[in-house]
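1. With the sequence up front, the predicted model follows.
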Amino acid sequence: MTKWPRDNQADLIAFYGTPGPDVERQLVNVVPPFRMTYEGAPIKAIRFHRKAAAALEAALREIWDHYGHDQKRIDALGISKYAGTYNPRKVRGSATKWSNHAFGAAIDLNAAENGFGAGHGTMPQPVIDAFKRQGARWGGDYRGRTDPMHFEFCDATGYPGVARPVALVDAPQVDGDGDQGGDDSTDFSAQRKPTFLKRALQWLGAGGSLSFLGYLTSWQVVAILCGFSLIVSGLIVWFFGAANVRAWVARQVS
């Protein structure tokens, strides 16, 4: 399996070339094994960097085999909805850092149901596994705002379920097409651990119904919790009566 470059501009450029004509001359056609569409129109091939083309083809082939060459099943799961690969653009919030799409080394699938910040979206696990077996990094694993439509061929060390066993699971987002600004060339080990509040929010978010808390800032969360506490306090006073509540409080502090 190819050793993918680390997700920083110097390593990506050294491996894939400089976005623009240098990368474009290295793009090749990958013919998917099942029918894929872009905005409803069938596509014949996917333009991808020659160094990652075989890995993309292998991932798509594994997906096709897993679903028994059943095009209707592939369509029903949204896997056939191609949403783009090569795009010579910068990441959001940066005027200097290239998106991994600019290297022709990232692909988006089923964007309508797996948009930026959509948690883990609806991406089927067999699809995720197929790409990870090729060493790709999945945007659904990003901490903070996720990008579940997105798969990219850069070093996935520190992310769960990659082809090589790793010790660190809760790794920070480095780039991906979460498109955070800045040139992240730092090692995972140097990243600051999440605060207690962030860990608590991640735990709450894992429950599903409170996953929106993961997208709020700390002061917003505090405001929500304070408001919730006031509502609960009001309900207690209304149910038990103000006099009874005052008497109970007096007994507790006496």
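-> Structure's in. What do you need?
2. all strands of this protein, in order?
-> 27-30, 36-38, 41-43, 46-49, 106-108, 137-138, 150-152 (DSSP state E).
3. now these as CSV including mean pLDDT, distance to residue 58 and mean neighbour count?
-> Every C-beta, even on glycine, is put in place using the N, C-alpha and C of the backbone. Below are those laid out as CSV (pLDDT from 0 to 100; distance: least, Cβ to Cβ, whole Å; neighbours: other Cβ atoms under 10 Å):
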stretch, mean pLDDT, distance to residue 58, mean neighbour count
strand 27-30, 98, 10, 16
strand 36-38, 97, 16, 15
strand 41-43, 97, 19, 11
strand 46-49, 98, 12, 22
strand 106-108, 97, 13, 26
strand 137-138, 94, 16, 28
strand 150-152, 96, 12, 29
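4. From residue 106, how far off is the residue lying closest to residue 67 once chain neighbours are set aside?
-> Counting by Cβ to Cβ, 6 or more residues apart in numbering, the nearest residue to residue 67 once its immediate chain neighbours are dropped is residue 73, at 4.8 Å. For residue 73, the distance to residue 106 (Cβ to Cβ, to the nearest Å) stands at 25 Å.
5. Check residue 36 too.
-> Residue 36 is 16 Å from residue 106, by Cβ to Cβ.
6. And for residue 129?
-> For residue 129, the distance to residue 106 (Cβ to Cβ) stands at 18 Å.
7. before we move on, what about residue 32?
-> Here residue 32 is placed at a distance of 16 Å from residue 106 (Cβ to Cβ).
8. Check residue 64 too.
-> 20 Å.
9. now residue 236
-> From residue 236 across to residue 106, the span is 52 Å (Cβ to Cβ).
10. picking that back up, the residue nearest to residue 67 against residue 63, yeah?
-> No: the criterion here is Cβ atoms under 8 Å, and residue 73 misses it with residue 63 at 10.4 Å.
11. Between the two, which is the more surrounded one?
-> residue 63 (24 against 15; other Cβ atoms under 10 Å).
12. Could you list which residues are in contact with the more buried one?
-> 34, 74, 79, 126-127, 130 (Cβ atoms under 8 Å, 6 or more residues apart in numbering).
13. Which of these are buried? Put it as a PyMOL command.
-> Under the burial definition 16 or more other Cβ atoms under 10 Å, those of the contacts of residue 63 that qualify are selected in PyMOL by:
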select buried, resi 34+74+79+127+130
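14. Specify which member of the contacts of residue 63 is nearest to residue 227.
-> Ranked by distance to residue 227 (Cβ to Cβ), the contacts of residue 63 are led by residue 127 at 39.7 Å.
15. Please verify my assumption that that closest one contacts residue 81.
-> No: using Cβ under 8 Å, residue 127 is not in contact with residue 81, being 11.6 Å away.
16. which residues do those two both contact?
-> Shared contacts of residue 127 and residue 81, defined by Cβ under 8 Å, 6+ apart, are found at residue 109.
17. thinking again about what came up before, I'd like to know which of the strands of the chain lies nearest to residue 243.
-> Among the strands of the chain, if distance is taken as Cβ to Cβ, the winner is strand 137-138, at 58.0 Å.
18. Can you give the strand pairings for that closest one, parallel or anti for each?
-> Using DSSP bridges, strand 137-138 pairs in its sheet with strand 150-152 (antiparallel).
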